[in-house]
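K.L.:
fold the following.
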Amino acid sequence: MDLKIIGLGALINIILTTLLTSIFFPLFFLGPLIGGFLSSYLTEGFENYDTMDEKDGAVVGAISGLIGGIIIALLYIIGLGAVNIVLGSISTKFGIIAGSIIAAIVIINISTTISLVLGLIGGVIGVVIKK
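P.N.:
Numbers count the residues shown, from 1 in each chain. Model prediction:
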């Protein structure tokens, strides 16, 4: 597995998702798709064999999406303004510290799951187009 290419796919995922979320929110899904696509498309093969099939592309895309999703969630928790609304509404019900922890857990789970699934789909598409 080529970790440099997976990291590149995760970086593309992070950049595109944050830009597209701030420009036009419904386009955020393109970041993980393109990141997973590039990860699987640019990966040439694994140690044991030279060719990739759809399952291998799914694994590479999912790893890229997972890394990107975790970093995106951390960026949203640390400083982007969309999270402040969620934190404010949860904090009034559970207290400031508990509300912040609950919101952080929810944001990490949602971001990671969406990015993982879309990266997986992008990885499969990358292998299909490569063949």
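K.L.:
got any ranges where the protein has weak pLDDT?
P.N.:
Regions of the chain meeting the criterion pLDDT under 70 cover residues 1, 45-50, 79-100.
K.L.:
how far away is Ser115 from Ala73?
P.N.:
Remark: distance between Ser115 and Ala73 (C-beta to C-beta, to the nearest Å) = 9 Å. Backbone N, C-alpha and C define where each C-beta goes, glycine included.
K.L.:
give me the neighbour count for Ile23.
P.N.:
9 (other C-beta atoms under 10 Å).
K.L.:
comparing Ser115 and Ala73, which shows the higher neighbour count?
P.N.:
A direct count of neighbours by other C-beta under 10 Å for Ser115 and Ala73 places Ser115 higher, at 32 against 22.
K.L.:
and the more buried one, what element?
P.N.:
Per DSSP states H and E: Ser115 is located in helix 96-130.
K.L.:
show me which residues of that helix are buried.
P.N.:
By 16 or more other C-beta atoms under 10 Å, the buried positions in helix 96-130 come out as 99-100, 102-104, 107-108, 111-112, 114-127.
K.L.:
and that helix, what other elements does it pack with?
P.N.:
Secondary-structure packing of helix 96-130 (3 or more C-beta pairs under 8 Å, 6 or more residues apart in numbering; DSSP states H and E): helix 3-23, helix 30-42, helix 54-78, helix 82-94.
K.L.:
using CSV, write out every CA atom in stretch 120-131.
P.N.:
Output of stretch 120-131 as CSV, limited to C-alpha atoms (Å, rounded to 0.1, in the frame of the first residue of the first chain):
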residue,chain,number,x,y,z
LEU,A,120,-14.8,4.0,-0.5
ILE,A,121,-17.1,4.7,-3.4
GLY,A,122,-14.5,7.0,-5.0
GLY,A,123,-11.9,4.2,-4.6
VAL,A,124,-14.0,1.7,-6.4
ILE,A,125,-14.7,4.2,-9.2
GLY,A,126,-11.0,4.9,-9.5
VAL,A,127,-10.2,1.2,-10.1
VAL,A,128,-13.0,0.8,-12.5
ILE,A,129,-11.9,3.7,-14.6
LYS,A,130,-8.3,2.7,-14.4
LYS,A,131,-9.1,-0.7,-15.9
